[in-house]
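*Asks:* following is a predicted model, sequence given first.
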Amino acid sequence: MLRTRVEAKDGAAVIQSLELLVNLPPLLVLSLPLVTGYRPFNILGICVRTGCLLLNLRTLFPHRAQPPMATAHLFKVSGDIVVLPLPVFLAEEIQRRSQIYPQAVLLGDLVDWVRVDPRNSLIPHESCKLHASLARASKSTGAISLALGNDRLVSACLTTDFSLIGSARMYYARLTGREIHTGCTRLYGGMGWGMPTMEAEQLPPLGSRASLHLDGVKHLFSALAEAVTASLPGRNAHALRLLEHHIHFTRYSAALISFCAGLREVQCYRLLAEELLYGQDQIVVHDKQGGDVLMAQPALLNAQVREQICLYAAHARALVRRLQRLNDRHGLLLAQRLRIAVEGTGPLFLTLSPSGAVHAAGAHFTWREMPESIRVPPNVGRHFWQNVLRERGLSSRDIDSFMRHRVVGLKRNTNSQVCVPHQALGRIEATQLVVMREVGIQALAGLRRE
């Protein structure tokens, strides 16, 4: 119905069609800027030349993670602009009108600021008893996209309805131009609107700039592992040599756990000995800034992470014995704290600062103090697994479970819970282990294996 009216050069139908896509009131749709090379836009606009909608993620989701220039090559390229190709019939009508009104600045200028009432039915026939108002229909486009087979992330971007996923995911998620094109093709085809006006190759990737590609992950953990191997002390090594090796080994272990468990950037990771040393496959984490401690949620420890924890405990016991024999003042302080840790009390991952103080490992030590050639944002694991789990076919609920997003259906022991946590964690672990084998990440031993 709408397509027929647009093809009949009905200006009101143009506005109604766009409202279905952007979920905005008619007056705001009329006020959308027409974007050109000399006429930029702030949040949302229409590029007449290419026939697409442009959405600026930088304005909607500010302060997104940005990798350092020195390690930018380790990450996938992404932009801030969502380019949504319009259906061909709609793009052609807007282009036809722009030729008639070449001085137009806003979309309303192309349609003589036609009045559109969102309460009017889109089905004018009196025989139809269903009142399908534009206001109702515009709030249903996201649900239609989901029903046609698009996932929640793609549907949210196609319809600019981020309530489908929650804003937190847009800080980590990344989409390719092909995924946008496939989603548009599926949505427009299901609505009887034909094909999108642009090809997949013309659409840029968008979203997270801090999503490592597989070679980037391999390079990062290979460099960390090489530092551990290169610093391995001999049998008669002095205390400084032992402490240097311990720093590299602790950084590798903490980085592996932080990466695989998707920990956020915090001053001190809550990695307690009593929650790690007895083969646990989950830890309780509350690393979100603000909020009540009751918001703490479990994070997965996969099999390789559990093996690394065992190797770290063996390393710590061996280090305690060697430092006690050397009787170094700073070494004895670290040895005392490590002995308490491996007995099951307090933070497990401990390091010695240049001033001689013992600290629990946190994001600054683990990520910010890395060599510049491999320095990456501390929450890089969240960006990586958000996108890799999706690419490997896991559902939105599984991904939200890993990311520890508080969404309806994931709260445990409630009547709204719709998934089995153990099964979701099993799917996540299986995917993680496959990916880690592909990039060559392995559990690494320190001073001792047992």
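*Replies:* Nice, I can see it.

*Asks:* the strands in this structure, which residues?
*Replies:* Applying DSSP state E to the chain gives strands spanning 34-35, 44-47, 52-56, 81-85, 174-175, 206-207, 282-285, 297-300, 350-352, 358-360.

*Asks:* so, low pLDDT: which residues of the stretch 251-400 of the chain?
*Replies:* For the stretch 251-400 of the chain, the stretches flagged by pLDDT under 70 are 289-295.

*Asks:* quick one: the helices in it?
*Replies:* Remark: helices assigned in the stretch 251-400 of the chain by DSSP state H, counting those that start in this stretch are 303-326, 329-342, 363, 380-391, 396-403.

*Asks:* residues in contact with the shortest one: which ones?
*Replies:* Applying Cβ atoms under 8 Å, 6 or more residues apart in numbering, the external contacts of helix 363 come out as 258, 263, 265, 266, 267, 269, 378. Placement of C-beta: from N, CA and C, glycine included.

*Asks:* quick one: the strands of the chain as JSON lines, columns for mean neighbour count too.
*Replies:* Shown next, in JSON lines, are those (neighbours: other Cβ atoms under 10 Å):
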{"stretch": "strand 34-35", "mean neighbour count": "20"}
{"stretch": "strand 44-47", "mean neighbour count": "22"}
{"stretch": "strand 52-56", "mean neighbour count": "20"}
{"stretch": "strand 81-85", "mean neighbour count": "21"}
{"stretch": "strand 174-175", "mean neighbour count": "23"}
{"stretch": "strand 206-207", "mean neighbour count": "25"}
{"stretch": "strand 282-285", "mean neighbour count": "17"}
{"stretch": "strand 297-300", "mean neighbour count": "20"}
{"stretch": "strand 350-352", "mean neighbour count": "19"}
{"stretch": "strand 358-360", "mean neighbour count": "18"}
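
*Asks:* ok, back up a step: out of the helices of the stretch 251-400 of the chain, deepest packed?
*Replies:* For the helices of the stretch 251-400 of the chain, average neighbour numbers computed from mean count of other Cβ atoms under 10 Å are highest in helix 380-391, which has a mean of 24.

*Asks:* what helices or strands is that one leaning on?
*Replies:* strand 174-175, helix 239-261, helix 396-403, helix 421-439 (3 or more Cβ pairs under 8 Å, 6 or more residues apart in numbering; DSSP states H and E).

*Asks:* quick revisit: and the two most separated of the contacts of helix 363?
*Replies:* Spanning the widest gap among the contacts of helix 363 are 258 and 267, at 13.1 Å by Cβ to Cβ.

*Asks:* excluding its backbone neighbours, what's nearest the residue sitting nearest the centre point of the chain?
*Replies:* Central residue of the chain (Cα atoms, centre = their mean): residue 172, 2.0 Å from the mean position. Of all residues not flanking residue 172 in the chain, residue 386 sits nearest, at 4.1 Å (Cβ to Cβ, 6 or more residues apart in numbering).

*Asks:* go on, residue 308?
*Replies:* residue 443 (4.4 Å).

*Asks:* tell me, how many residues neighbour the one you found?
*Replies:* Using other Cβ atoms under 10 Å, residue 443 has 19 neighbouring residues.

*Asks:* so what's residue 431 up against?
*Replies:* Taking Cβ under 8 Å, 6+ apart, we find residue 431 in contact with 388, 389, 392, 394.

*Asks:* against residue 206, how distant is the second one?
*Replies:* Applying Cβ to Cβ, to the nearest Å, one obtains 18 Å for the distance of residue 389 from residue 206.

*Asks:* what do you get for the last one?
*Replies:* Residue 394 sits 21 Å away from residue 206, taking Cβ to Cβ as the criterion.

*Asks:* before we move on, what about the first one?
*Replies:* When Cβ to Cβ is the yardstick, residue 388 and residue 206 sit 17 Å from each other.

*Asks:* and the third one, by the same measure?
*Replies:* Distance of residue 392 to residue 206, computed by Cβ to Cβ: 20 Å.

*Asks:* equivalent analysis for residue 286, please.
*Replies:* Residue 286 sits 31 Å away from residue 206, going by Cβ to Cβ.

*Asks:* now do residue 108
*Replies:* 27 Å.

*Asks:* hang on, the earlier thing: could I get the helices and strands packed on helix 380-391 as TSV with distance to residue 149?
*Replies:* Converted to TSV, the helices and strands packed on helix 380-391 look like this (distance: least, Cβ to Cβ, whole Å):
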stretch	distance to residue 149
strand 174-175	16
helix 239-261	30
helix 396-403	13
helix 421-439	20
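
*Asks:* so which of the ones you listed is nearest residue 372?
*Replies:* Evaluated with Cβ to Cβ, those place helix 239-261 nearest to residue 372, the distance being 14.7 Å.

*Asks:* how far off centre is stretch 104-117?
*Replies:* A distance of 37 Å separates the centroid of the chain from that of stretch 104-117, by Cα atoms, centre = their mean, to the nearest Å.

*Asks:* and the average pLDDT for that stretch is what?
*Replies:* Per-residue pLDDT over stretch 104-117 has a mean of 90.

*Asks:* among residue 258 and residue 267, which residue is more densely surrounded?
*Replies:* Taking other Cβ under 10 Å, residue 258 and residue 267 do not tie; residue 258 has more neighbours (28 against 10).

*Asks:* my read: residue 182 touches residue 203, true?
*Replies:* No: using Cβ atoms under 8 Å, residue 182 is not in contact with residue 203, being 10.2 Å away.

*Asks:* any idea how far the closest residue in space to residue 93 that isn't next to it in sequence is from residue 89?
*Replies:* In this structure, residue 93 finds its nearest non-sequential neighbour in residue 6, 5.3 Å apart by Cβ to Cβ, 6+ apart. With distances taken as Cβ to Cβ, residue 6 is found 6 Å from residue 89.

*Asks:* looking at those two, which is more packed in?
*Replies:* Neighbour count, other Cβ under 10 Å: between residue 6 and residue 89, residue 6 has more, with 23 against 18.

*Asks:* ok, now which ones touch that one?
*Replies:* 13, 14, 17, 89, 90, 93.

*Asks:* repeat that for 10 Å
*Replies:* 12-17, 87, 89-90, 92-94, 193 (Cβ atoms under 10 Å, 6 or more residues apart in numbering).

*Asks:* my guess is residue 190 contacts residue 147. True?
*Replies:* Yes: the criterion here is Cβ atoms under 10 Å, and residue 190 meets it with residue 147 at 7.9 Å.

*Asks:* between the two, which is the more surrounded one?
*Replies:* Under the criterion of other Cβ under 10 Å, the comparison of residue 190 against residue 147 puts residue 190 first, with 14 against 11.

*Asks:* roughly how far does the nearest residue to that one once chain neighbours are set aside sit from residue 208?
*Replies:* Counting by Cβ to Cβ, 6+ apart, residue 148 is the residue found nearest to residue 190 once chain neighbours are left out, at 4.2 Å. Using Cβ to Cβ, residue 148 is found at 25 Å from residue 208.
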